[in-house]
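K.L.:
Mind folding the following:
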Amino acid sequence: MYYLLIFAVALERVAELVVAKRNARWSFARGGKEFGQSHYPVMVVLHTALLLGCVIEPLALHRPFIPWLGWPMLAIAALSQLLRWWCITTLGPRWNTRVIVVPDAPLVQGGPYRWIHHPNYVAVVAEGFALPLIHTAWLTAVIFTLANAMLLRARINVENSALGYA
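P.N.:
Have a look, this model is predicted:
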């Protein structure tokens with residue numbers, strides 16, 4: 001069942017990319033400007049590696065499913081998906097996997113953006129840690145979390161600069 005979950009998450013990522021591509025066309029048609037293109041390929045590789053690690057580590061290293069760890073991590077992973085899609089629906093056509101800013105568009109301050117500037121990254125961090133731990137893939141969880149922290153530091157700096165946060 002775990003591998004079906006990983007497959008479902010991979011399909012969800014494809015759906016995100018379809019939405020992002022559509023939204024990018026919308027943004028560029030309104031004069032949108034892209035920022036931080038250099039980190040985007042790293043992000044794609046890192047998120048692909050997360051899913052591969054979730055499959056390979058439990059198989060190669062015979063990681064068991066431990067119920068007291070796996071079930072709470074599944075709940076966290078599911079909640080992270082809910083938060084991610086709350087962000088996507090709140091931003092509407094302005095949501096993207098890339099950093100594209102439409103000139104003169106006001107900052108979105110509804111939904112989860114009422115409380116935090118980058119709630120989608122809360123979802124990314126939670127999922128990146130929880131998804132591998134559902135099946136005790138702790139190496140994948142630790143490596144992704146550390147690599148993602150470095151990537152998010154750069155990404156959030158790009159977004160804050162592009163959006164004009166002080």
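
K.L.:
Can you check what pLDDT the model gives the closest residue to W138 other than its chain neighbours?
P.N.:
Of all residues not flanking W138 in the chain, P132 sits nearest, at 7.1 Å (CB to CB, 6 or more residues apart in numbering). Just so you know, the C-beta spots here come from the backbone N, C-alpha and C atoms, and that holds for glycine as well. Listed pLDDT for P132 reads 98.

K.L.:
And the strands in this protein, which stretches?
P.N.:
33-35, 99-101 (DSSP state E).

K.L.:
can you give me the offset of the last one from its chain's centre?
P.N.:
Pointing back at strand 99-101 there. Taking CA atoms, centre = their mean, to the nearest Å, one finds strand 99-101 lying 16 Å from the centre of the chain it belongs to.

K.L.:
just to revisit the earlier point, any idea how far the residue nearest to W138 is from I143?
P.N.:
Distance, P132 to I143, using CB to CB, to the nearest Å: 9 Å.

K.L.:
right, and Q81 touches V124 too?
P.N.:
No - using CB atoms under 8 Å, Q81 is not in contact with V124, being 10.9 Å away.
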